[in-house]
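> Provide a 3D model corresponding to the input given below.
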Amino acid sequence: MSNMSKSIEELMNEYIPLINKSIENYLPRQFDQKSLEHYFDVPKYAYDINGANKALLDPVWDLLDRGGKRWRPVLLAIISKSIGGKLEDVLPVAFMCEIIHNGSLVIDDIEDDSLMRRGKPCLHILYKMDIAINAGCFMYFAPLKIFQLLRKEGKYSETVINRAYELYSDEMIKIHLGQGLDIWWHNGNRNPSIDEYLQMCAYKTGTLARLSARLAVLFSNGSNELIDEIGSFAEAIGVSFQIQDDILNIVGEEFSQKISCVGEDVYEGKRSLMAIHSIINAPKEESARLVEILNMKTRDQNLIQEAINIMKKNNSIEFATNFAKDLVTKAWTNIEPLLPNNDYKTQIYAFTQYLIKRKV
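You can find the predicted model right below:
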């Protein structure tokens, strides 16, 4: 079967084992003295090896072993191959982006007071808050070790490595602004406009997609223009992915099995695109009632369903669905002429459609 005729599910099944292997190559399942020295330097005094495993690797691998789509590193791999890059050259970078993403999930679950992640209790529930926060922060910074290793290997120029550091720091700063705005709004401080919501998403969810794509081009010897353009394209995918996530949160039966309850976003007070659309466009009484329920932070399913019904009644779900599709279509139109015509280009397009049409 040619690459072009493979389904997205088959492509995911092809790439994900390679990505998982790359994660294990750079992040041990258990520390020993050698791996601790590799990550943290030779100790001046002594390491508590068991404590290091219990505090860091046990919670980190607990989350990683629960699965996840790994779509960011898969997208990175396909983009790299589409412009003539070698998979073995970008797999270490693919590992980096996936670890950062999982770290953000740990912190996000704490900030949102979530109960479930990927069908199991969140890390802060299983391992307590302090361990979870520290493990999540570790996942933000551990990937920087990859840049150090790539520099030592001498395979890439100092210019490429330094540019990678710049991209990483730029996106990590932005992700915290995006998350901060999301928290500020769902605490009832303000109802944002649609454009403000999109900017928040571009930073909260778009950053890691953009970072994955930009690094794919950088480590595949692509031009600076393509780094920027493919980054904008991936950002649009990330925003659309977030919109679809929010849609599934309130209407997706399969999706709801992974989270605490149907409509968990309503409990969190989240100003999703659907909620914002309804707040702006619903009759005054319905708009005020939706805001009231969002600000309650309630787990009462009757109240959550009432909020969902307001969004449905005002066609906000259809609005969000069409918005996500249009966003990806426009982004693809911009990037399509810059990519070589090959099977991988076809896969990139098919992959974007898969992400915004998924049911889980």
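
> what about the strands in this structure?
In the chain, the strands defined using DSSP state E lie at 116-117, 120-121.

> and of those, who's closest to Asp326?
With distances scored as Cβ to Cβ, the stretch of the strands of the chain nearest to Asp326 is strand 116-117 (30.4 Å). For every residue, glycine as well, the C-beta is placed using N, CA and C.

> Give the pairing partners of the closest one; include direction for each.
strand 120-121 (antiparallel) (DSSP bridges).

> Show residues contacting the strand it pairs with.
Here strand 120-121 makes contact (Cβ atoms under 8 Å, 6 or more residues apart in numbering) with Arg66, Leu115, Leu126.

> Neighbour-wise, which one of these leads?
Leu115 (17 neighbours; other Cβ atoms under 10 Å).

> where's that residue relative to Pro121, distance?
Shown here: Leu115 relative to Pro121, a distance of 7 Å by Cβ to Cβ, to the nearest Å.

> Check Met172 too.
Distance from Met172 to Pro121, by Cβ to Cβ: 27 Å.

> quick one, which of those two is more surrounded?
When Met172 and Pro121 are compared on other Cβ under 10 Å, the one with more neighbours turns out to be Met172, at 18 against 15.

> Quick check: closest non-adjacent residue to that one.
In space, Met172 comes closest to Tyr140 once its chain neighbours are excluded; the distance is 6.8 Å by Cβ to Cβ, 6 or more residues apart in numbering.

> In contact with that neighbour, which residues are there?
Tyr140 makes contacts with Ile100, Gly103, Ser104, Met172, as judged by Cβ under 8 Å, 6+ apart.

> ok, now Pro73?
Counting by Cβ under 8 Å, 6+ apart, Pro73 touches Tyr15, Ile19, Ala94, Phe95, Cys97, Glu98, Ser212.

> Dump those residues to a markdown table, plus distance to Val60, neighbour count and pLDDT.
What follows is the contacts of Pro73, written out as a markdown table (distance: Cβ to Cβ, whole Å; neighbours: other Cβ atoms under 10 Å; pLDDT from 0 to 100):
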| residue | distance to Val60 | neighbour count | pLDDT |
| --- | --- | --- | --- |
| Tyr15 | 21 | 21 | 87 |
| Ile19 | 16 | 20 | 88 |
| Ala94 | 17 | 28 | 82 |
| Phe95 | 13 | 23 | 79 |
| Cys97 | 15 | 25 | 84 |
| Glu98 | 12 | 27 | 88 |
| Ser212 | 20 | 32 | 93 |
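
> residue ranges with poor pLDDT in this structure?
1-6, 252-261, 360 (pLDDT under 70).

> gap between stretch 343-353 and the chain center?
Computed by Cα atoms, centre = their mean, to the nearest Å, the chain-centroid distance of stretch 343-353 equals 19 Å.

> Show me the contact partners of that stretch.
The contact list for stretch 343-353 (Cβ under 8 Å, 6+ apart) reads 2-4, 6, 8, 11, 71, 74-75, 78-79, 81-82, 237, 240, 328, 331-332, 336, 339.

> Which of these fall within helices?
If you go by DSSP state H, these have 8, 11, 71, 74-75, 78-79, 81-82, 237, 240, 328, 331-332 in helices.
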